[in-house]
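J.: pasting the sequence and the predicted coordinates here, then a few questions.
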Amino acid sequence: MPDLLHFALTALVILGGQQDWRRREVSNWITIPLFLLGLAGAAGWWLCGHLPIPALAILSFLLFWRLGWLGGADVKILAGLWGLWPLGGLAAILGLGLWGLLAILLRRSPSIRIPGVVAMAFATGLTFLLEIAIMPSN
C-alpha cells in the first residue's frame, strides 16, 4: 500500500491544481514547504549514495524557470515531488509536457501560458491511484 507521504503529496498537488485552475496562482503555504522538503529529500538521496537524479532534475527545473519556461509554483511543486517521490515527479513532468504540447497544438502558438499545476495534479493523482491498484495486499 502506498505510504502516507504519497497520499499527502498527492493531496497537496491536487489542492494546488485547484487553486491554479481558479486563480492562476498557487499559495506559497503549499509550494514553499514542498520545495524545501524536496531539496532536503534530494540531498538525502545523494548523501545515501543513490544517483543524484532528483537533484539534477531540480537544478533543471530552476534553469527552466530562469529561462521562463516554467512558473515559480511549477518549479517548487516539481522540486518537492522529485525530492520526496521521484515517480510522482516523473508523472507530473510528463503530464505537464503532454498538457503543454496539446495546448500548443490546439492553439497553434508556442508562447501559450497554461495552468501547469492542474496537469501535475492529474498526473500525480493518477500515479497514486495506480500505486494503490497494483500494490499487493497482505
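T.: It's in.

J.: how many other residues sit next to Leu62?
T.: Neighbour count for Leu62, taken as other C-beta atoms under 10 Å: 14. Yep, even glycine has a C-beta here, placed from its N, CA and C like the rest.

J.: remind me which helix or strand it belongs to.
T.: helix 53-66 (DSSP states H and E).

J.: what angle sits between the helix or strand just after that helix and helix 53-66?
T.: Using DSSP H and E, the helix or strand that follows helix 53-66 in sequence is helix 72-84. Orientation of helix 72-84 against helix 53-66 (axes from the mean of the first three to the mean of the last three C-alpha atoms, to 10 degrees) gives an angle of 170 degrees.

J.: just how off-centre is helix 72-84 within its chain?
T.: 5 Å (C-alpha atoms, centre = their mean, to the nearest Å).

J.: using PDB, list the CA coordinates for it.
T.: Coordinates of each C-alpha in helix 72-84 appear next as PDB, following Å, rounded to 0.1, in the frame of the first residue of the first chain:
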ATOM      1  CA  GLY A  72       7.600  29.600  -9.800                       C
ATOM      2  CA  ALA A  73       4.800  27.400  -8.400                       C
ATOM      3  CA  ASP A  74       5.500  24.700 -11.100                       C
ATOM      4  CA  VAL A  75       9.200  24.600 -10.100                       C
ATOM      5  CA  LYS A  76       8.500  24.400  -6.400                       C
ATOM      6  CA  ILE A  77       6.000  21.700  -6.700                       C
ATOM      7  CA  LEU A  78       8.100  19.700  -9.200                       C
ATOM      8  CA  ALA A  79      11.100  20.000  -6.800                       C
ATOM      9  CA  GLY A  80       9.000  18.800  -3.900                       C
ATOM     10  CA  LEU A  81       7.800  15.800  -5.900                       C
ATOM     11  CA  TRP A  82      11.200  14.800  -7.300                       C
ATOM     12  CA  GLY A  83      12.900  15.100  -3.900                       C
ATOM     13  CA  LEU A  84      10.300  13.200  -2.000                       C
END
